[in-house]
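# make a model of this:
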Amino acid sequence: MITTLEFDAVDVRVGEIIAAELNAGARKPALVLTIDFGPELGTRISSAQLTIHYTPETLRGRRVLAVVNFPPRRVAGVKSEVLVLGVPDEDGAVVLVSPDRDTPLGGRLF
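Model prediction:
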């Protein structure tokens, strides 16, 4: 169990994928995403294993939720600045979490 204060420390925001391409340096197929979080946070990069259900073309323009306050980490040669959120399907492949209506970029999950 965690407290509400601990939950509040995780900063989850709405962003829009503005670019996506294959991460050629990844051992497992992955995509490098450029995500726009609006004027307050700007754009951030993420590397994510999303190739089962998504292609770069189907991701562009899609709104997603991502943790924006984890420290950056290097993933297959890419400085991944945010963690895009997803849940596993019945086979374990990632299905993205996204708002079901239009929401402002940078909107915070609460």
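
# CA atoms for contacts and neighbours, from now on please.
Noted.

# which residues sit against stretch 22-32?
Stretch 22-32 is contacted from outside by 20-21, 45-51, 56, 75-78, using CA atoms under 8 Å, 6 or more residues apart in numbering.

# straight-line length of that stretch, end to end?
Length of stretch 22-32, first residue to last, CA to CA, to the nearest Å: 6 Å.

# just how off-centre is that stretch within its chain?
Chain-centre distance of stretch 22-32: 15 Å, with CA atoms, centre = their mean, to the nearest Å.

# secondary structure, distance to residue 35 and pLDDT added to the contacts of stretch 22-32, as TSV?
What follows is the contacts of stretch 22-32, written out as TSV (DSSP: H, G, I helix; E, B strand; the rest coil; distance: CA to CA, whole Å; pLDDT from 0 to 100):
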residue	secondary structure	distance to residue 35	pLDDT
20	strand	9	98
21	strand	12	97
45	strand	6	98
46	strand	8	97
47	strand	11	95
48	strand	12	94
49	coil	15	93
50	coil	15	94
51	coil	17	94
56	helix	13	97
75	strand	16	87
76	coil	18	86
77	coil	18	89
78	strand	14	93
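
# from the residues you listed, which is closest to residue 6?
For those, the closest approach to residue 6 (CA to CA) belongs to residue 46, at 23.6 Å.

# nearest spatial neighbour of that closest one, skipping sequence neighbours?
Nearest residue to residue 46, sequence neighbours excluded (CA to CA, 6 or more residues apart in numbering): residue 80, at 4.4 Å.

# so who does the residue nearest to the spatial centre of the chain touch?
For the chain, the residue sitting closest to the mean C-alpha position, by CA atoms, centre = their mean, is residue 84 at 2.1 Å. Residues near residue 84 by CA under 8 Å, 6+ apart: 46, 48, 64, 65, 66, 67, 96.

# can you pick the most crowded of the contacts of stretch 22-32?
Taking other CA atoms under 10 Å as the neighbour criterion, residue 47 ranks highest of these with 27 neighbours.
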